[in-house]
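Novice: please work out how this folds:
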Amino acid sequence: QVQLVESGGGLVQAGGSLSLSCVASGTIFSIADMAWYRQAPGKQRQLVAAITNGGTPRYADSVKGRFTISRDTPKNTIFLHMYNLEPEDTAVYYCNAEIFDIQTAGYLERWGQGTLVTVSS
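Specialist: Reported below is the predicted structural model:
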């Protein structure tokens, strides 16, 4: 069974930095895009950053210049390095990946359980 496991959340002061990681485990044949989403209290889940299996990143406007997404493709791992954090970045951060499913011969979207990032002012 394929799982996505995030780590690295926590409490940080405004202006500080924090890094998240996400590892996909199980029987994995191929992963297409991987991404980080976040959901703040009372708000919808939104895309933070995504990266293709070729390493091309894209970012939400709100985090451009402050967050960096990277990927270790052979290890099925992505990272999110967050700098100059703001209280508005407080949210549960979710890892997302499009993973090839041999039974359906297609890519299925998988989610991690989420990790909480709290930025204090």
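
Novice: so for D101, what's the nearest residue that isn't a sequence neighbour?
Specialist: Counting by CB to CB, 6 or more residues apart in numbering, the nearest residue to D101 once its immediate chain neighbours are dropped is L108, at 4.6 Å. (Glycine included, C-beta is placed from N, CA and C.)

Novice: ok, V12 touching Y83?
Specialist: No. Counting by CB atoms under 8 Å, V12 stays clear of Y83, with 10.6 Å between them.

Novice: how many other residues sit next to the nearest residue to V2 once chain neighbours are set aside?
Specialist: Ranked by CB to CB, 6+ apart and with sequence neighbours excluded, the top spatial neighbour of V2 is G26, at 3.9 Å. Other residues within reach of G26 by the criterion other CB atoms under 10 Å amount to 11.

Novice: isn't G26 right up against N76?
Specialist: No. G26 lies out of contact with N76 (CB under 8 Å); the separation is 9.2 Å.
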